[in-house]
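Peer 1: below are the sequence and a predicted model; questions follow.
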Amino acid sequence: MLRLKRLYSFILQTFFPVFMMTFVICLFIVLMQFIWKYVEDLVGKGLDNLILGELFFYVSLSLIPLALPLSILLASLMAFGNLGERMELLAIKAAGVSLLKIMRPLIVFIGFVAVGAFFFQDEAMPRINVKSRSLLISIKQKSPELEIPEGSFYSGISNYSLFVKKKNPETKVLYDVMIYNTSEGFDNMAVYVCDSAQMRTSSTKDFLVLNLYDGQQFSNFQQPGMDRNKARDNKFRPYLRENFKKKEVIILFNTDFNRMEESALEGTQISKNIAQLSHSIDSMSTQLDSLNVIDRKTMTEQIYLSYRQNQIPPTANTDVVGQPIEEKKEETTDKINFDSLLSTYKDVDMIRFTSTAASEAENTKNTYLFQSMAKIDLQKKIRYHQIEWHQKFTLSFACLVFFFIGAPLGAIIRKGGLGMPVVVSVLLFIFYYIINNIGYKMARDGVWEVWQGIWLSSFVLFPLGVFLTYKAMNDSALFNTEAYGKFIRAALRIKPKVETNAENEIDVSKIPDLSELNTDPEILENLKSLDESRLKDIAKNHQQYGYDQNTLEAVLSILKERGAKFFDIKTKNLDYNDAIEKLNYFLKSSLITLLLYISEIILSIVVVITGWDIIEWTAIILSVAYFIFYIKSLIHYFDYYRAIDRKVKKSQPGILVIAYLFYPVGYFLLKKGMKEDINSIKW
């Protein structure tokens, strides 16, 4: 029992520092994303550092639901990846402790984190949302600081445009100033032109005061009773001109920071906990039901057959309309001709009737439209409240799901640090974020039920967590590339690489000594002058270079005399033969790929011209076949370079992209490069 407690303590000590570090990093990243999003609303307004600090504090707290699942995923990946990389996880498993028992203390810890996240969402987030939203709206509504540029017009003040040719930063005097005032409309626009001016704000920071010196004022002058449209058509319009030595212009411009009242957001869904959300949802649902009842009643009163409600109920002597059967029989004998009835009215009466009917129909339409707008708005509010209600639980569940994804994945990958875990966690979180946004928008717009949209990401990732946990507990080689490679080769019917048999290895005891050879002395001296790597190359590729068996024996005897190792020499030259075979496989597969590419292009052109569905489906099938054979050719291509023991050239990835898009060109380039590489092996 003590050993398990020590193990639990070790696991917690390994995980907790990593979790705190990743949480701070993730919170900082999402905060930077917020600043980048609202940078235009924050910069250039002269905000106090305390206000900015308060905003960032509340925003950081509001972003915890976004940073917490990512930090748990990254921390669990790093912690178990470090344990696997340092072989500590293997040692613990060798002691008879299963992966689930290793994860047990962290499961309890993440459980407490999930419970805390729930109460944080329910109790703290409503207050944080109100404060952060109100503060952000107040900052957005604040007017920017005045930074009038030199030599260009400034339109940061509403209804005013200012032009300043030069500024003196020490005396704060503006030179060669031109001001356009359109606060009373373009028809009554006023223009101020002066040599210099000074600008200051009022003590209440509600106004800008401009003192203009040595200038003129021009303003349109419209006489009383003059038609505005006629005044625009006149070639010469009256205007007012005024010369001044000093003039004071007051402009309405609020430069102070005014906080928005938090009470304005108290009734929204972001300011409510679960109990308040449930009460609001019930109240609005009841209100919506009452509106539906009123609509149904209004529709039944205004339809053409609404008189049925006022008739007597049907009995044995009456029909379904409530009329006596005998009277109905007498009435049915006299049929009414509506055309002849309408012809008895005058045209004036008919116009009046149709106008009245059209007016009543328009009024009914407007009534229903107004009522429907109220119902649509109410339904939208109900959906927003339901979304907020469900989001109180999704954060806690996401923390558990991400832990059961990250911990088994780290145990399988066995890579710690900030390399592979960061890449994997970011990719998984981006996938989660996209799915979560899709579900949120579907729920918000009423396309899906609210619970379906909000829980979509959890439904998608929960099976992944179960699958990874099962694989990690059974030590499955989930990321074994060789196993996937064999599966792909088997699916594409590609022969596996031929393994070297034991009979191809060299038996050192059967190699003769140099004194026993009958080799030409001159050839023997030339071979002795070569270094060991060159001699091994001749031994491995003697068939390719055209050497006979006697020369091979001489090379092997010299290597034996020098005490060389023979484990890397295969005298039957299987690597070279395998390369030739892989080259032929590539050429055959590429020929089929080329034919499929040409057929696909031709059919695609025919589809564009004719639009036939049958040819379109045929072109799609050919596209899939072309992709499969392209992958098959690509596998032969890389097998070929492994056979000749050479790396793929740096330019080859670009050629492979060209080959997929324009296979005739790519095929020619690949084929040329492969033949050059295999010919370059020869002396």
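Peer 2: All right, it came through fine.
Peer 1: for the closest residue to residue 14 other than its chain neighbours, grab the count of nearby residues.
Peer 2: Nearest residue to residue 14, sequence neighbours excluded (CB to CB, 6 or more residues apart in numbering): residue 79, at 5.4 Å. In this view, the C-beta of every residue, glycine as well, is placed from N, C-alpha and C. Using other CB atoms under 10 Å, residue 79 has 26 other residues around it.
Peer 1: and residue 56, by the same measure?
Peer 2: The tally of other residues near residue 56 (other CB under 10 Å) stands at 15.
Peer 1: and residue 109, by the same measure?
Peer 2: The tally of other residues near residue 109 (other CB under 10 Å) stands at 17.
Peer 1: then residue 34?
Peer 2: For residue 34, the neighbour count with other CB under 10 Å is 18.
Peer 1: what helices or strands is the strand or helix carrying it leaning on?
Peer 2: In this assignment (DSSP states H and E), residue 34 forms part of helix 2-37. Judged by 3 or more CB pairs under 8 Å, 6 or more residues apart in numbering; DSSP states H and E, the packing partners of helix 2-37 are helix 49-62, helix 64-85, helix 99-119.
Peer 1: closest one to residue 359 among these?
Peer 2: helix 49-62 (52.7 Å; CB to CB).
Peer 1: gap between residue 199 and residue 189?
Peer 2: In this view, residue 199 and residue 189 are 21 Å apart by CB to CB, to the nearest Å.
Peer 1: scratch that, residue 353 is what I was asking about
Peer 2: Plainly put, residue 353 is 54 Å away from residue 189 if you go by CB to CB.
Peer 1: neighbour count for those two, which is higher?
Peer 2: Counted by other CB under 10 Å, residue 353 and residue 189 do not tie: residue 189 has more neighbours, with 16 against 12.
Peer 1: ok, that one to residue 161 distance?
Peer 2: In terms of CB to CB, residue 189 sits 10 Å off from residue 161.
Peer 1: so what sits against both of those two?
Peer 2: Residues touching both residue 189 and residue 161 (CB atoms under 8 Å, 6 or more residues apart in numbering) are 180, 182.
Peer 1: the helix holding residue 34 vs helix 99-119, what angle?
Peer 2: Orientation note: helix 2-37 sits at an angle of 40 degrees relative to helix 99-119 (axes from the mean of the first three to the mean of the last three CA atoms, to 10 degrees).
Peer 1: please list the outside residues in contact with the helix or strand just after helix 2-37.
Peer 2: Following helix 2-37 in sequence order, the next helix or strand is helix 39-42 (DSSP H and E). Defining contact as CB under 8 Å, 6+ apart, one finds that helix 39-42 is touched by 35, 52, 136, 139, 140.
Peer 1: mind checking how far helix 39-42 is from the chain centre?
Peer 2: 23 Å (CA atoms, centre = their mean, to the nearest Å).
Peer 1: and for stretch 64-71?
Peer 2: 17 Å.
Peer 1: can you give me the mean pLDDT across that stretch?
Peer 2: When pLDDT is averaged over stretch 64-71, the result is 88.
Peer 1: contacting residues around that stretch?
Peer 2: Contacting residues not belonging to stretch 64-71 are listed as 19, 22-23, 25-27, 29-30, 113, 117, 120-121, 125, 391, 395, 398-399, 401-402, 425, 429, 432 [CB under 8 Å, 6+ apart].
Peer 1: can I get stretch 401-419 in PDB? Just the C-alpha atoms.
Peer 2: Output of stretch 401-419 as PDB, limited to C-alpha atoms (Å, rounded to 0.1, in the frame of the first residue of the first chain):
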ATOM      1  CA  VAL A 401     -12.400  13.800 -22.200                       C
ATOM      2  CA  PHE A 402      -9.100  15.600 -23.000                       C
ATOM      3  CA  PHE A 403      -7.400  13.900 -20.100                       C
ATOM      4  CA  PHE A 404      -8.400  10.500 -21.300                       C
ATOM      5  CA  ILE A 405      -7.100  11.500 -24.800                       C
ATOM      6  CA  GLY A 406      -3.800  13.000 -23.700                       C
ATOM      7  CA  ALA A 407      -2.600  10.500 -21.100                       C
ATOM      8  CA  PRO A 408      -3.000   7.400 -23.200                       C
ATOM      9  CA  LEU A 409      -1.700   9.200 -26.300                       C
ATOM     10  CA  GLY A 410       1.400  10.300 -24.300                       C
ATOM     11  CA  ALA A 411       1.900   6.700 -23.200                       C
ATOM     12  CA  ILE A 412       1.700   5.500 -26.800                       C
ATOM     13  CA  ILE A 413       3.900   8.200 -28.400                       C
ATOM     14  CA  ARG A 414       6.500   8.200 -25.600                       C
ATOM     15  CA  LYS A 415       7.800  11.700 -26.500                       C
ATOM     16  CA  GLY A 416       8.100  14.400 -23.900                       C
ATOM     17  CA  GLY A 417       9.000  18.100 -24.000                       C
ATOM     18  CA  LEU A 418       7.400  20.800 -26.100                       C
ATOM     19  CA  GLY A 419       7.900  19.200 -29.500                       C
END
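Peer 1: could I get the buried residue list for it?
Peer 2: 401-416 (16 or more other CB atoms under 10 Å).
Peer 1: what about the residue nearest to residue 14, distance to residue 72?
Peer 2: 10 Å.
Peer 1: same check on residue 392?
Peer 2: Distance from residue 392 to residue 72, by CB to CB: 18 Å.
Peer 1: next one: residue 391
Peer 2: 17 Å.
Peer 1: so which of those two has more stuff around it?
Peer 2: More neighbours surround residue 72 than the other of residue 391 and residue 72, with 30 against 17 (other CB under 10 Å).
Peer 1: give me the element the nearest residue to that one once chain neighbours are set aside is part of.
Peer 2: Spatial nearest neighbour of residue 72, excluding adjacent residues (CB to CB, 6+ apart): residue 402 at 4.9 Å. Element membership for residue 402, per DSSP H and E: helix 347-413.
Peer 1: tilt between that helix and helix 99-119?
Peer 2: Angle, helix 347-413 to helix 99-119, by the same axes, to 10 degrees: 140 degrees.
Peer 1: and after helix 347-413, which helix or strand comes next?
Peer 2: helix 420-444.
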